[in-house]
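Colleague: Quick one: sequence plus predicted model below, questions after.
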Amino acid sequence: MGRASKGRATAAAAPVVILVRPQLGDNIGMAARAMLNCGLSGLRLVAPRDGWPNPKAMRAASGADVVLEKAMLFDTVAAAVADLEHVVATTARNRELTQRILTPRRAASEMRGWIGEDERVGILFGPERTGLTNDDMVHADTALSIPLNPQFSSLNIAQAVLLVAYEWAAAGEGAPAERMSEHATRPATKDELLNLFAHLERALDQSGFLRNKAMRPAMVHNLRAFLQRAAMTEQEVRSFHGVIKYLAKHKHSEE
């Protein structure tokens, strides 16, 4: 039985992280920090070696106190997962058990689906030195393996939590795959790009760069396509106009 917050919890909007027999308070704190970085706050501890609460964990959490303060303590893995519908177990080794083994990215997608159906999900992480045992793994319906260098795949528990938690966060709809930096101006309009193309073409005509009439259409099309792919901002277009003016002025002054 858990010794804190006993009873069946309501369905959560995110998976809970379950650290099984963690050895160092520092690692628990760093795992909590990694969790909160990625929007996870549900932490369960199974038989931590140095007991609980642990002052070293609080120091290592670097402000993620809310995760540690609400952490639930359990004696066994069975008790820690009793109220969950799905359990994903992290493993770095091949075992005798026959289980589905997913990458963190695929697991994050499936966890999103389960939680979308109001099903409770937990992620098991094993002790720092040994990882999860087969007795631990049998409580999971799915295994997760982080694809790393097969010659050196050693991670501490906080690193493993961060990798899995990040994939969970990235799988959400609120994380765009690409965005402009905060200080960037708005994207240039097509009219602004058209004016830039016209300015550049006039300058290239005046310089003699486009003097080959047969090749001129293809060269102009390639230049336009290049500038379209550049996804320029309004500020960049204005800067490019300035460059063209300066080069044209400098050329005429030399002549």
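Modeller: Nice, thanks for sending it over.
Colleague: which parts of the helix or strand encompassing residue 109 are buried?
Modeller: Of the helices and strands defined by DSSP states H and E, residue 109 is found in helix 104-116. Residues of helix 104-116 classed as buried: 104, 107, 108, 110, 111, 112, 114, 115 (neighbour count, 16 or more other Cβ atoms under 10 Å). Glycine gets a C-beta too; all of them are placed from N, C-alpha and C.
Colleague: Can you tell me the centre-most residue of this structure?
Modeller: Geometric centre of the chain, nearest residue: residue 166, 3.8 Å, by Cα atoms, centre = their mean.
Colleague: Now for it: which residues touch it?
Modeller: Residue 166 makes contact with 37, 38 under the criterion Cβ atoms under 8 Å, 6 or more residues apart in numbering.
Colleague: List the buried residues for the helix or strand harbouring it?
Modeller: Applying DSSP H and E as the criterion places residue 166 in helix 157-170. For helix 157-170, the neighbour count (16+ other Cβ under 10 Å) marks 157, 158, 160, 161, 162, 163, 164, 165, 166, 167, 168, 169 as buried.
Colleague: about what we covered before: ok, so what distance separates the residue nearest to the centre of the chain from residue 60?
Modeller: Separation of residue 166 from residue 60 (Cβ to Cβ, to the nearest Å): 19 Å.
Colleague: Repeat that for residue 249.
Modeller: Computed as Cβ to Cβ, the residue 249 to residue 60 distance reads 60 Å.
Colleague: State whether residue 73 is indeed within a strand.
Modeller: Yes - Residue 73: assigned to a strand according to DSSP: H, G, I helix; E, B strand; the rest coil.
Colleague: Residue 52 is in contact with that one, correct?
Modeller: Yes - contact criterion Cβ atoms under 8 Å: residue 73 and residue 52 qualify, at 5.2 Å.
Colleague: what do these two both touch?
Modeller: Joint contacts of residue 73 and residue 52 (Cβ under 8 Å, 6+ apart) are residue 45.
Colleague: got any ranges where the stretch 151-255 of the chain has weak pLDDT?
Modeller: The model of the stretch 151-255 of the chain has pLDDT under 70 over residues 173-184, 250-255.
Colleague: most residues in a single helix of the chain, which one?
Modeller: helix 234-254 (DSSP state H).
Colleague: Name the residues that touch that helix?
Modeller: Residues outside helix 234-254 that contact it (Cβ under 8 Å, 6+ apart): 184-189, 192-193, 196, 199-200, 203, 206-207, 230, 232.
Colleague: Report the distance from it to the chain centre.
Modeller: 41 Å (Cα atoms, centre = their mean, to the nearest Å).
Colleague: Provide a list of residues in contact with residue 32.
Modeller: Shown in contact with residue 32 (Cβ under 8 Å, 6+ apart): 43, 57, 61, 64, 67, 68, 71.
Colleague: so how far is residue 71 from the second one?
Modeller: Read it as residue 57. Distance, residue 57 to residue 71, by Cβ to Cβ: 9 Å.
Colleague: Okay then, goodbye and thanks.
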